[in-house]
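Participant: Everything below, folded, please.
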Amino acid sequence: MADGEIGSGREVVPGVGEWEGWELVRGQDPFEDLAGPFYVRPEPDGTWRTGLRVETKHMNGYGGMHGGCLMTMADFALFLIAREQLRDHESVTVSLHGDFVGPGKLGDLVEAVGDV
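Facilitator: This is a model prediction of the structure:
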């Protein structure tokens, strides 16, 4: 992308404290920056892990983590997991389906991990 376009200001920030060993990627997708922060780290087996500590801004009116935030994190994680396969291709999410097995609570660590 040319300078000034969405995604052109990508910044990778090393995690500190609880997030030591993780990285925060921001400036690539304005909505993900707003919905996160989503932290990432590679695992020894080659998979990638995405993490989020549930904050007040992630909650719905019933005291659980908002499903839209979970789906945004899932979408972020899918592209991270498939990044090597997508390296030379532009791509967008066409379809994403989610079934929730329980609510995320304030303060929970929510993680996604996978491989292609």
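Participant: counting contacts, what elements does the lowest-mean-pLDDT helix or strand in the chain pack onto?
Facilitator: The helix or strand of the chain with the lowest confidence, counting by mean pLDDT, DSSP states H and E, is helix 83-86 at a mean of 79. Judged by 3 or more Cβ pairs under 8 Å, 6 or more residues apart in numbering; DSSP states H and E, helix 83-86 is in contact with no other helix or strand. The C-beta positions use only the backbone N, C-alpha and C, and glycine is treated the same way.
Participant: Mind listing what's buried along it?
Facilitator: Within helix 83-86, not a single residue qualifies as buried, counting by 16 or more other Cβ atoms under 10 Å.
Participant: Give me the distance from that helix to the chain's centre.
Facilitator: 16 Å (Cα atoms, centre = their mean, to the nearest Å).
Participant: and the next element down the chain from that helix?
Facilitator: Using DSSP states H and E, the next helix or strand after helix 83-86 towards the C-terminus is strand 109-114.
Participant: for that next one, packing partners?
Facilitator: On a contact count with 3+ Cβ pairs under 8 Å, 6+ apart, strand 109-114 meets strand 48-53, helix 67-81.
Participant: What are the contacting residues of the shortest one?
Facilitator: Pointing back at strand 48-53 there. 18-19, 22, 36-43, 58, 69, 73, 76-77, 80-81, 83, 107-115 (Cβ atoms under 8 Å, 6 or more residues apart in numbering).
Participant: That strand pairs with which strands, parallel or anti?
Facilitator: Strand pairing for strand 48-53, using DSSP bridges, gives strand 39-42 (antiparallel), strand 109-114 (antiparallel).
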